[in-house]
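> this one's structure only:
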């Protein structure tokens, strides 16, 4: 299993916990954030930049759009793989992200995307 960190920025505690449980069982080190501000606080304060960020678009305090902009503007995090997870009706992947998962997504789909992107980050 990969030795990587995944940051899960999701305001729904049940969804956040479920994603964390799935990814932890797959061997990932999971860090959780309830909104974009918490995600950015983690990213700015850690020495261990995650391989993948799962980012919900609709969150309080700082939403996913703003958080994505801050991630892409940050010299430390601009190349981190971002996966948007959202229930809003978008047909295409937003600019600046590597993958798009529409909620509710299938567990295997989550696993495949995170595995692919974390392996890419390890290279």
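Looks like it arrived, so ask away. Keep in mind it's a predicted model, so treat the numbers as computed, not measured. Numbers count the residues shown, from 1 in each chain.
> Which stretches in this structure count as strands?
5-9, 29-33, 52-56, 81-86, 99-102 (DSSP state E).
> of those strands, which approaches residue 117 most closely?
Ranking the strands of the chain by proximity to residue 117 (CB to CB) places strand 81-86 first, at 4.0 Å. All C-beta spots, glycine's among them, are computed from the backbone N, C-alpha and C.
> what lines up beside the closest one in the sheet?
strand 52-56 (parallel), strand 99-102 (parallel) (DSSP bridges).
> most packed of the ones you listed?
strand 52-56 (a mean of 28; mean count of other CB atoms under 10 Å).
> starting at the chain centroid, how far to that one?
1 Å (CA atoms, centre = their mean, to the nearest Å).
> Report the contact partners of residue 48.
Residues near residue 48 by CB atoms under 8 Å, 6 or more residues apart in numbering: residue 5.
> quick one, which of the strands paired with strand 81-86 is nearest to residue 45?
Taking the strands paired with strand 81-86 one by one with CB to CB, strand 52-56 is closest: 14.9 Å.
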